[in-house]
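*Asks:* I'll drop the sequence and a predicted model, then ask my questions.
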Amino acid sequence: MGGQLPTTIAIDGPAASGKNTVGILLARRLGYPFVDSGAMYRAVTLRALAEGVGMEDHEALAALARRLRFHFTSSSERFPAGRIFVDGQDVTDALRDPMVDAHVSLVARIPEVREILVRQQRKLAEDGPIIMAGRDIGTVVLPDADLKVYLDASSAERAYRRYRELRSRGETVEFAQVLADLEQRDRLDREREASPLRPAPDALVMTTDSLTPDEVVAQIMHTIADC
Ligand code: C5P
């Protein structure tokens, strides 16, 4: 990077690996916008569930992805990842509904849906510095990103993080169920044919079980300084 800051930063990894938390902290540090690409797959899923579109109806799901208009706002105290509006409606909280969790990987495995959303994600990255988090950002969406980070952690640790997050929001969930759901989603994301979850060959792979988000950011900043 020749002493320059990376302009595009891709952060990938499985569910609850800390991509958003780390991405937001890094975005604040560098003054870059942050985009959570998973929110787009969640938004299509949310709308499909609301409209009664079947998860096997690839054509209708692709039409939905094509029709929806996304708008991201920048980070704020209450919404660190920013807010996401779909066709003018604020869906930030609704995207975290457990029903969306349970169905989103079925929508995300459809190549036509991915093609439409990837095009929009690339457009968001056209206008300057960006940090984008997801599953295929370093491998497919922004393969020329200046810095690629792949965050991982054991499924027990990731499920525990998700469990604490759900509990803090007042949801009554069992740890064993959270773990089973997370492993099922990971399996679908890793084993699908279209853009499966995997680290880019040139990604900085970090296992974060025993690291705080601040420590992960510090290591990334260290890597940036060394480049
Ligand atoms: O990141 P998050 O857990 O919110 O993503 C929800 C789902 O969206 C993932 O489980 C995955 O199926 C899908 N996704 C994807 N590609 C991305 C981002 C998310 O397939 N770039």
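*Replies:* Looks like it came in fine. As the structure is a computational prediction, the values presented were derived from the model and not from experiment.

*Asks:* Enumerate the residues of the protein near the ligand.
*Replies:* Residues of the chain lying near the ligand by Cβ under 6 Å from any ligand atom: 15, 37-38, 41-42, 104-105, 108, 134-137, 185, 189. Bear in mind the C-beta positions are built from the backbone N, C-alpha and C, glycine included.

*Asks:* Among the residues you listed, which one is most surrounded by other residues?
*Replies:* Most neighbours among the residues of the chain next to the ligand, by other Cβ atoms under 10 Å: residue 137, with 31 neighbours.

*Asks:* pretty sure it contacts residue 11?
*Replies:* Yes. Using Cβ atoms under 8 Å, residue 137 is in contact with residue 11, at 6.8 Å.

*Asks:* still on that earlier bit, and the residues of the chain next to the ligand, which two are the farthest apart?
*Replies:* 137 and 185 (17.5 Å; Cβ to Cβ).

*Asks:* Let me see the ranges of the helices in this protein.
*Replies:* For the chain, applying DSSP state H gives helices covering 19-30, 38-51, 58-67, 98-108, 111-124, 155-168, 175-191, 213-226.

*Asks:* buried stuff in the first one?
*Replies:* Residues of helix 19-30 classed as buried: 19, 20, 21, 22, 23, 24, 25, 26, 27, 30 (neighbour count, 16 or more other Cβ atoms under 10 Å).

*Asks:* Using CSV, write out every CA atom in that helix.
*Replies:* Extracted in CSV, the C-alpha atoms of helix 19-30 (Å, rounded to 0.1, in the frame of the first residue of the first chain):
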residue,chain,number,x,y,z
LYS,A,19,-17.7,-8.2,11.1
ASN,A,20,-20.2,-5.4,11.8
THR,A,21,-18.8,-4.4,15.2
VAL,A,22,-15.2,-4.4,13.9
GLY,A,23,-16.3,-2.7,10.6
ILE,A,24,-18.0,0.1,12.5
LEU,A,25,-15.1,0.7,14.8
LEU,A,26,-12.7,0.7,11.9
ALA,A,27,-14.9,3.1,9.9
ARG,A,28,-15.0,5.5,12.8
ARG,A,29,-11.2,5.3,13.2
LEU,A,30,-10.6,6.0,9.5
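
*Asks:* tell me the angle that helix makes with helix 155-168.
*Replies:* 80 degrees (axes from the mean of the first three to the mean of the last three Cα atoms, to 10 degrees).

*Asks:* With the second one instead?
*Replies:* Interaxial angle of helix 38-51 relative to helix 155-168 (the same axes, to 10 degrees): 60 degrees.

*Asks:* Need the contact partners of helix 38-51.
*Replies:* Surrounding helix 38-51, the residues in contact under the criterion Cβ atoms under 8 Å, 6 or more residues apart in numbering are 20, 53, 55, 60-61, 64-65, 68, 70, 72, 81, 84, 86, 91, 94-97, 99-100, 103-104, 106-108, 113, 117, 120-121, 133-135.

*Asks:* Given the lowest-mean-pLDDT helix or strand in the chain, what are its sheet partners and their directions?
*Replies:* Taking mean pLDDT, DSSP states H and E as the measure, the chain has strand 70-72 as its least confident helix or strand, at a mean of 88. Strand 70-72 sits in its sheet next to strand 84-86 (antiparallel), going by DSSP bridges.

*Asks:* The partner strand: how far from the chain's middle?
*Replies:* 15 Å (Cα atoms, centre = their mean, to the nearest Å).

*Asks:* What's the mean pLDDT across it?
*Replies:* Mean pLDDT, computed over strand 84-86, is 93.

*Asks:* again, but for stretch 28-45
*Replies:* The average of the pLDDT scores along stretch 28-45 is 94.
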